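In: Sequence and computational prediction follow.
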Amino acid sequence: MAAVFAVALVVTVVHWLLAHWWILAVVGVLAVLAGGGWLYNKEQQARWEAVGAQGLRYGLAQLDALHHSQFEDAVRDLMRRDGCQDTVRVGGGGDLGADVKVTDPYGRRWVIQCKHRSNGLAGSAVGTPDLQVLNGTARQVHGAEFAVIVTNGRVTEPAVNFAKQQRLHVVDRHTLGVWVSGSRPLWELLRAVPPPRKPTALS
């Protein structure tokens, strides 16, 4: 009985819609308009996000107040601001020394390890062991052309010397402050980074 009733109901509805076909047309038009509006709003949101990313700025006090995962997000977003569209935050357990991986507008691969200190300069300094982890995985595992460690705190002198020996790049609190407050890309602030060899399709 239930099946017969269901079939009869469907047949009745179909006949009614065929007799009132204009209702289907109105519903179709409304659906198209709603879908178009959703796509338009999504496109506008993407444009505003792109504009916001271009003007992205931070103060060091803002960075100090972040959680370590938010600090990694901030570094990723700053690289995106600098024109790196291929930006991924890897961070977390098993990241193998890579918190952020990006490809810059010249096709060069960057692997960035982030060391956040909630106390800023008063926090523990980044030491040689941190650089050794980056050095052991950045190029061999992640295929980096440039391996960088970024901190809002201090870096020990032995760690800085080790970085120079192993062609690693250190962004300490001072360099970080310049980077996050201005519009110059990171590679212009790191003296050891050579200029791009030639433009690519990403430039």
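Out: In hand now; what should we look at?
In: Lowest mean pLDDT among the helices and strands, pick that one out for the chain.
Out: helix 21-54 (a mean of 66; mean pLDDT, DSSP states H and E).
In: Leaving out chain neighbours, which residue sits closest to Val171?
Out: Excluding its sequence neighbours, the residue lying closest to Val171 (CB to CB, 6 or more residues apart in numbering) is Val150, at 4.3 Å. (Each C-beta comes from the backbone N, C-alpha and C, glycine too.)
In: Please read the previous query as pertaining to Asp64.
Out: Gly120 (4.8 Å).
In: Could you verify my assumption that the one you found touches Asp172?
Out: No - counting by CB atoms under 8 Å, Gly120 stays clear of Asp172, with 11.2 Å between them.
In: Now for those two: what residues contact both?
Out: Gly153 (CB atoms under 8 Å, 6 or more residues apart in numbering).
In: so the residue nearest to Val171 sits in a helix?
Out: No - under DSSP: H, G, I helix; E, B strand; the rest coil, Val150 falls outside any helix and is assigned strand.
In: Now for it: which residues touch it?
Out: By CB under 8 Å, 6+ apart, the residues touching Val150 are Val75, Ile112, Gln113, Cys114, Lys115, Val171, Leu176.
In: okay, those in a markdown table with distance to Leu186 and secondary structure next?
Out: Shown next, in a markdown table, are those (distance: CB to CB, whole Å; DSSP: H, G, I helix; E, B strand; the rest coil):
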| residue | distance to Leu186 | secondary structure |
| --- | --- | --- |
| Val75 | 9 | helix |
| Ile112 | 9 | strand |
| Gln113 | 14 | strand |
| Cys114 | 13 | strand |
| Lys115 | 16 | strand |
| Val171 | 7 | strand |
| Leu176 | 10 | helix |
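In: farthest pair in those?
Out: Gln113 and Leu176 (13.5 Å; CB to CB).
In: and those two? which has more neighbours close in?
Out: The neighbour comparison of Gln113 against Leu176 (other CB atoms under 10 Å) goes to Gln113, with 28 against 21.
In: I'd assumed Gln132 was in contact with that one.
Out: No - counting by CB under 8 Å, Gln113 stays clear of Gln132, with 11.0 Å between them.
In: what packs against the helix or strand where Glu72 lies?
Out: Per DSSP states H and E, Glu72 falls inside helix 68-81. Applying 3 or more CB pairs under 8 Å, 6 or more residues apart in numbering; DSSP states H and E, one finds that helix 68-81 contacts helix 21-54, strand 86-89, strand 100-103, strand 109-115, helix 173-181.
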